[in-house]
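Visitor: please work out how this folds:
(chains A and B)
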Amino acid sequence: MSASTRTRRTRPAQFPWDLVGLVLLAVAVAFAPDLLKALFGRASVSYLSIATNALSLSILALSWDVLARTGQLSLAHAAFYGAGAYTTALLARHADVPLWIGIPLGGLAAVVFALLLGAATLRLRGIYFAIATLSAAEVLKAVVHHLPTGIAGGNAGMNVPTLFRPEFIAGQMERWEVAFLRNEAYFYVYATLLCMTVLASILVQRSRLKHAFTAIRTNEEVAGVMGVRPARLKLLAFVLSSVFVGMLGGVEAHRVGSVLPEQSFSVSTTVLALVTPIFGGLYTTLGPIVGALGLSSVQEGLRRVFSDGYLIGYGVVLVLSILFMPRGVVGLVGGLLRRRGKREAGR
Amino acid sequence: MDTTLLVQALVSGVLAAGLYALVSVGLALAIGVIGIVNFAHGEFFMVGAFLAYQLFVTFGIDPVWSLFIVAPALFALGAIIYTSTIRFVLKAPELNQMLLTFGIGIILQNLALLIWGGDPRTIAGITYRGIGYQIGGVSIGLVPLASFVVSLVLVLGLYWMLARTPLGRAMRAVAQNRTGAALVGLEVNRVYLVAFALSALLAGIGGVMIAVIQSPTPVVGFAFTLKAFAIVVVAGLGNIRGILFAALFVAVAESLVATLVPNGDTLRNAVFFAIIFAVLIRRSWRTA
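Guide: Purely as a prediction, here's the structure:
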């Protein structure tokens, strides 16, 4: 559609909560490390690492949600993550590529895989789509597993150089502050990645893409008749959904210091990617982030109480969410607020 | 190419197909009758295996006899899970149903990991495990042979039940038209309950067999969920009769790859996924 045929929007201007939220998020993460350091001192090193995990989960969950908005429930996000991680690791190992090239190339590799997968699965719906994506992810895992050991390390994986090695300067800082500086640097990288993901999600939600995605999700044939191009937009959703996850995989490879087939392509990555938005609230920007913060807190709590088996908690959360709040935390709270608003308006 | 090796691979594949069919037919029953794609199906299988293990370790019950304890126990477990969760999402979107069973699977698997740990568990000291027959250089173990026969009998029994008995007729009626079945006086919910519990029972019996054939870990459940999915997808979702042939195809393909490809043993799972993916994609593009 050309710009000239576009009608002017006549709906009343709404307060841009989403953009304000993004700015608030950016400000919050900008000050978070210093705040943690001031509040907790030495313990902030591990808190910062927990916060980084929460950011990582947010990126994963929000990316998954963007694809889900078109009705495509992917079980392949572990493959996007793994493709990014392995590409970055391979580049670092064999080509000595600097990270600011290696990590975006990791994202690119995830996009390429996602486009191939998306094109192949264009005609699959619902459960068939889910099973096909899961299979593709597992095949990719097996392929990586069986690459010659000289290239990708096979079962044992590869070591990846860790980034950010701040120097310890005696007299000016304490020992733990070195670890703090390193964690802080990673935290900012993850935060940047999250802000990019949030921005992409907001842009989708503010543009007509939102309605196109919803139309495809609700009824693809009807959407096609209405002038939406399902194939093209579904692939676009695949790109948006994989690029940040691929980059996340790349950064995480550097942070962890190694890549392994079982770890980089773990089914639990996929599980987390879908449980989190469902818990938080599907098809929104806020939901997956709320879900990620909620689940990370729950997980930390459970991990402190039970050393093993905290994954059971995830299962319970998933089951209870579906049975009692199918629209997630955000949907539940939103519903309660609206009901209260109506009651007050009626008075 | 060594012919004996090839025949051996074929025979092993056929023998494995029985167990695969048994597990998959339960999954197909849940999908075909209730319309629930059960991602926790393999966990019933795993629970069956570890119940048999625990019965052996604690009470010294031979797996052959523990079949008669595990089967009703799994039937009960299936019934409990249906009544407490599945029942409420029958009309929910497909995604919610799928994720619910996914969640149940995560809970069962991690509970088992918590109880039994991640190490393989062997039912040690059963005399009949080592018995095997040699026919022209091809060896056939007694246990795989017995599991094949039992599985085949059970699968054929299920086919007979679906075709001839009132319960089977009720299941087919409910599968075809839920409202219509209710109108002619069938208690749809009870039929669903029985179908789901039966599907868990069949998986549980398969689990007892795997506990004797292999040394399973709690992760075996998810692997079998995926295997069962491969078979069900090859047969066509909801097609119960096609399961036997699909299981044969998938099991033989797996066995051939494991034997013929160097290092093929670890590629086994990839075979399943490649089959699922290829079949799904091919079907989706063929019917234009």
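Visitor: which residues of chain B score low on pLDDT?
Guide: Along chain B, segments meeting pLDDT under 70 span B:1, B:264-266, B:287-288.
Visitor: where do the helices sit along the stretch 101-250 of chain A?
Guide: A:126-145, A:149-152, A:175-206, A:209-218, A:220-225, A:230-256 (DSSP state H, counting those that start in this stretch).
Visitor: now render those as a markdown table, adding mean neighbour count.
Guide: Using the backbone N, CA and C atoms, a C-beta is placed for each residue, glycine as well. Shown next, in a markdown table, are those (neighbours: other Cβ atoms under 10 Å in any protein chain shown):
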| stretch | mean neighbour count |
| --- | --- |
| helix A:126-145 | 22 |
| helix A:149-152 | 13 |
| helix A:175-206 | 19 |
| helix A:209-218 | 18 |
| helix A:220-225 | 14 |
| helix A:230-256 | 24 |
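Visitor: mean pLDDT lowest for which of those helices?
Guide: Here the lowest mean pLDDT among the helices of the stretch 101-250 of chain A goes to helix A:149-152, at a mean of 82.
Visitor: show me what that one is packed up against.
Guide: helix A:77-90 (3 or more Cβ pairs under 8 Å, 6 or more residues apart in numbering or on different chains; DSSP states H and E).
Visitor: packing partners of the helix it packs on?
Guide: helix A:44-68, helix A:99-120, helix A:126-145, helix A:149-152, helix A:230-256, strand A:258-259, helix A:261-264, helix A:267-280.
Visitor: so where does the residue nearest to residue B:44 when sequence neighbours are not counted fall, helix or strand?
Guide: What sits nearest to residue B:44 in space, not counting adjacent residues and going by Cβ to Cβ, 6 or more residues apart in numbering or on different chains, is residue B:203, at 3.9 Å. In this assignment (DSSP states H and E), residue B:203 forms part of helix B:188-213.
Visitor: so which bits of that helix are buried?
Guide: B:188, B:191-213 (16 or more other Cβ atoms under 10 Å in any protein chain shown).
Visitor: returning to that earlier point: take the helices of the stretch 101-250 of chain A and write them to CSV, including distance to residue B:183.
Guide: Output for these, formatted as CSV (distance: least, Cβ to Cβ, whole Å):
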stretch, distance to residue B:183
helix A:126-145, 28
helix A:149-152, 60
helix A:175-206, 45
helix A:209-218, 30
helix A:220-225, 31
helix A:230-256, 37
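Visitor: tell me which of those lies nearest to residue B:273.
Guide: Closest approach to residue B:273 among these (Cβ to Cβ): helix A:126-145, 3.9 Å.
Visitor: okay, now residue B:132: neighbour count?
Guide: Residue B:132 has 12 neighbours, counted by other Cβ atoms under 10 Å in any protein chain shown.
Visitor: how close does it sit to chain A?
Guide: 31 Å (Cβ to the nearest Cβ, to the nearest Å).
Visitor: surely that residue is in contact with residue B:140?
Guide: Yes. At 6.2 Å, residue B:132 counts as touching residue B:140 under the criterion of Cβ atoms under 8 Å.
Visitor: now do the SS call for residue B:139.
Guide: strand (DSSP: H, G, I helix; E, B strand; the rest coil).
Visitor: hmm, back to that, from the chain's centroid, how far away is the helix holding residue B:203?
Guide: Helix B:188-213 has its C-alpha centroid displaced from the chain centroid by 8 Å (Cα atoms, centre = their mean, to the nearest Å).
Visitor: again with stretch A:234-241
Guide: So, by Cα atoms, centre = their mean, the centroid of stretch A:234-241 is 14 Å from its chain's centroid.
Visitor: now swap in stretch A:334-341 and tell me
Guide: Chain-centre distance of stretch A:334-341: 29 Å, with Cα atoms, centre = their mean.
Visitor: and the contacts of it?
Guide: A:281, A:327 (Cβ atoms under 8 Å, 6 or more residues apart in numbering or on different chains).
Visitor: which residues does stretch A:89-107 contact?
Guide: A:83-85, A:87-88, A:151-152, A:158-161, A:163, A:242-244, A:246-247, A:249-251, A:253-254, A:259.
Visitor: hmm, who's touching stretch B:158-176?
Guide: So stretch B:158-176 is contacted by B:25, B:29, B:32-33, B:180-181, B:184, B:186, B:188, B:191-192, B:194-195, B:198, B:202, B:238, B:240-241 (Cβ under 8 Å, 6+ apart).
Visitor: dump that stretch to CSV, keeping only the CA atoms.
Guide: Output of stretch B:158-176 as CSV, limited to C-alpha atoms (Å, rounded to 0.1, in the frame of the first residue of the first chain):
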residue,chain,number,x,y,z
LEU,B,158,-7.0,-51.9,21.7
TYR,B,159,-8.0,-52.1,18.0
TRP,B,160,-10.4,-54.8,18.8
MET,B,161,-11.8,-52.9,21.7
LEU,B,162,-12.3,-49.8,19.6
ALA,B,163,-14.0,-51.8,16.8
ARG,B,164,-16.2,-54.2,18.7
THR,B,165,-17.0,-53.2,22.3
PRO,B,166,-19.5,-50.7,23.5
LEU,B,167,-16.8,-48.7,25.2
GLY,B,168,-14.8,-48.6,21.9
ARG,B,169,-17.9,-47.6,20.0
ALA,B,170,-18.5,-44.8,22.6
MET,B,171,-15.0,-43.6,22.1
ARG,B,172,-15.3,-43.5,18.4
ALA,B,173,-18.6,-41.7,18.7
VAL,B,174,-17.2,-39.1,21.0
ALA,B,175,-14.2,-38.6,18.7
GLN,B,176,-16.4,-38.0,15.7
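Visitor: what residues sit buried inside that stretch?
Guide: B:158-159, B:162, B:170-175.
Visitor: which of those sits closest to chain A?
Guide: residue B:175 (16.5 Å; Cβ to the nearest Cβ).
Visitor: what about residue 106, neighbour count?
Guide: Answering for chain A, as no chain was given. 34.
Visitor: sorry, should have said chain B
Guide: Residue B:106: 26 neighbours (other Cβ under 10 Å).
Visitor: excluding chain neighbours, what is closest to it?
Guide: Closest to residue B:106 by Cβ to Cβ, 6+ apart is residue A:315, at 3.4 Å.
Visitor: again, but for residue A:213
Guide: Per Cβ to Cβ, 6+ apart, closest to residue A:213 is residue A:69, 4.2 Å.
Visitor: over to residue B:231?
Guide: residue B:24 (4.0 Å).
Visitor: show me what contacts that neighbour?
Guide: By Cβ under 8 Å, 6+ apart, residue B:24 lies in contact with B:227-228, B:231-232, B:235, B:243, B:246-247.
Visitor: what's the closest of these to chain A?
Guide: residue B:232 (9.3 Å).
Visitor: isn't there a strand covering that closest one?
Guide: No. Counting by three-state DSSP, residue B:232 is not part of a strand but helix.
Visitor: and the gap between it and residue B:241?
Guide: According to Cβ to Cβ, to the nearest Å, residue B:232 stands 12 Å off from residue B:241.
Visitor: who's more crowded, these two?
Guide: residue B:232 (30 against 15).
Visitor: please enumerate residues in contact with stretch B:244-259?
Guide: In contact with stretch B:244-259 (Cβ under 8 Å, 6+ apart) are residues B:5-6, B:8-10, B:12-14, B:16-18, B:20-21, B:24, B:155, B:227, B:230-232, B:234-235, B:264-265, B:267-268, B:271-272, B:275.
Visitor: do stretch A:323-331 as well
Guide: A:277-282, A:284, A:286-287, A:290-291, A:294, A:321, A:332, A:334-335, B:85, B:88-89, B:92, B:96, B:100.
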